[in-house]
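Chemist: the amino acid sequence is not available; the structure is as follows:
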């Protein structure tokens, strides 16, 4: 299970606001540069790779990455210096190439992988070590990430969507940022759908909620249509099922004698993606009143 990082003391104490953007970082944030350079140094010093002489490993990786060492470097080891002093996106390329090279050479180094995985997690990087250990990969696949961004952009210019774009953006940040807040992510995801669906489902109810919208749909399914072909007696079935799953999956909405159960990070992220699909449907007109 994914754990939620501890918020900063200044934020917990109300002395400062949480950073507007604290991850996931798709570039090379300054706070991660030095630790990753140190990891490259550590990985290249592993005993198995150290058995190769005369910078053979470092030279090969530099050649593969088309990286040229400085001509006037004093002290020797130009290829090693080039790899351990890379920065920006070049540093990500180096880390990825080192991982691939170690697997290629059948260097089994779980401690190196553990260290790198921890660094990327703690720094809020958008990347992680692939399960096969042979490179880096996106935490969220680009296609999924870009689809959510497109939905946010579309909702932002659709007057009928209200504040759906703001809520969906907040939900994404709360789900995938450096200090995830599952409860807020799920709550914002629901608000995003409520905003996008309001004018279609309950335009005359100023206090409409996802729950009241589901009641409206239940009593008048024939008044709605969806782009997906469905049985004629329930044309809104796909959207209704998704809305109900999102609504009933919110465990933190009510308290009780047994205590309030907060959403897990996995549930919150699933809820955000479910909400993104629903917002896109309503904004695009895929779900409409007949």
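Modeler: Thanks, I have the structure now. Keep in mind that this is a model prediction, so the values were computed, not measured.

Chemist: pLDDT at the spatially most central residue of the chain, what is it?
Modeler: Centroid-nearest residue in the chain, with CA atoms, centre = their mean: residue 176, separated by 4.1 Å. For residue 176, the pLDDT comes out at 79.

Chemist: state the distance from it to residue 276.
Modeler: 12 Å (CB to CB, to the nearest Å). Backbone N, C-alpha and C define where each C-beta goes, glycine included.

Chemist: which residue ranges of this protein form helices?
Modeler: 9-12, 30-44, 47-50, 56-64, 78-84, 88-104, 110-122, 142-156, 164-176, 182-201, 210-219, 237-248, 265-284 (DSSP state H).

Chemist: of the ones you listed, which is nearest residue 135?
Modeler: Residue 135 sits nearest to helix 88-104 of all the helices of the chain, at 4.7 Å, using CB to CB.

Chemist: buried residues in the closest one, which are they?
Modeler: For helix 88-104, a neighbour-count test (16 or more other CB atoms under 10 Å) marks 91-103 as buried.

Chemist: repeat that for stretch 162-178.
Modeler: Quick answer for stretch 162-178 (16+ other CB under 10 Å): 162, 164-178.

Chemist: out of the helices of the chain, which gets the lowest mean score?
Modeler: Taking the mean pLDDT of these, helix 47-50 comes last: a mean of 66.

Chemist: follow-up on the earlier one: excluding sequence neighbours, find me the nearest residue to the residue nearest to the centre of the chain.
Modeler: Excluding its sequence neighbours, the residue lying closest to residue 176 (CB to CB, 6 or more residues apart in numbering) is residue 24, at 5.2 Å.

Chemist: go ahead and confirm that neighbour touches residue 121.
Modeler: No: using CB atoms under 8 Å, residue 24 and residue 121 do not qualify as a contacting pair, with a distance of 10.5 Å.

Chemist: who's more crowded, those two?
Modeler: Per other CB atoms under 10 Å, whichever of residue 24 and residue 121 has more neighbours is residue 24, with 22 against 16.

Chemist: from residue 145, how far off is that one?
Modeler: 9 Å.

Chemist: also residue 85?
Modeler: 30 Å.

Chemist: again, but for residue 161
Modeler: Using CB to CB, residue 161 is found at 20 Å from residue 145.

Chemist: residue 60 now?
Modeler: 33 Å.

Chemist: and what of residue 214?
Modeler: For residue 214 relative to residue 145 (CB to CB), the value is 29 Å.

Chemist: do residue 15 as well
Modeler: Taking CB to CB, one finds residue 15 at 33 Å from residue 145.

Chemist: those two: which has the busier surroundings?
Modeler: residue 145 (17 against 9).

Chemist: list the contacts for the closest residue to that one other than its chain neighbours?
Modeler: Closest residue to residue 145 apart from its sequence neighbours, by CB to CB, 6+ apart: residue 138 at 7.4 Å. If you count contacts by CB atoms under 8 Å, 6 or more residues apart in numbering, residue 138 has them with 126, 127, 145.

Chemist: ok, residue 138 to residue 41 distance?
Modeler: 25 Å.

Chemist: check residue 86 too.
Modeler: In terms of CB to CB, residue 86 sits 11 Å off from residue 41.

Chemist: those two: who's more crowded?
Modeler: residue 86 (22 against 13).

Chemist: surely the more buried one touches residue 37?
Modeler: Yes: between residue 86 and residue 37 a contact is recorded at 7.3 Å, counting by CB under 8 Å.

Chemist: phi, psi of the residue nearest to residue 286 when sequence neighbours are not counted?
Modeler: Nearest non-adjacent residue to residue 286, counting by CB to CB, 6+ apart: residue 227, 4.1 Å away. Dihedral pair for residue 227: phi -70, psi -20, per degrees, to the nearest 10.

Chemist: neighbours of residue 227, how many?
Modeler: Neighbour tally, residue 227, other CB under 10 Å: 13.

Chemist: so what's it up against?
Modeler: So residue 227 contacts 281, 285, 286, 287 (CB under 8 Å, 6+ apart).

Chemist: now render those as a markdown table, adding neighbour count and distance to residue 117.
Modeler: Converted to a markdown table, those look like this (neighbours: other CB atoms under 10 Å; distance: CB to CB, whole Å):
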| residue | neighbour count | distance to residue 117 |
| --- | --- | --- |
| 281 | 24 | 36 |
| 285 | 12 | 43 |
| 286 | 16 | 39 |
| 287 | 27 | 41 |
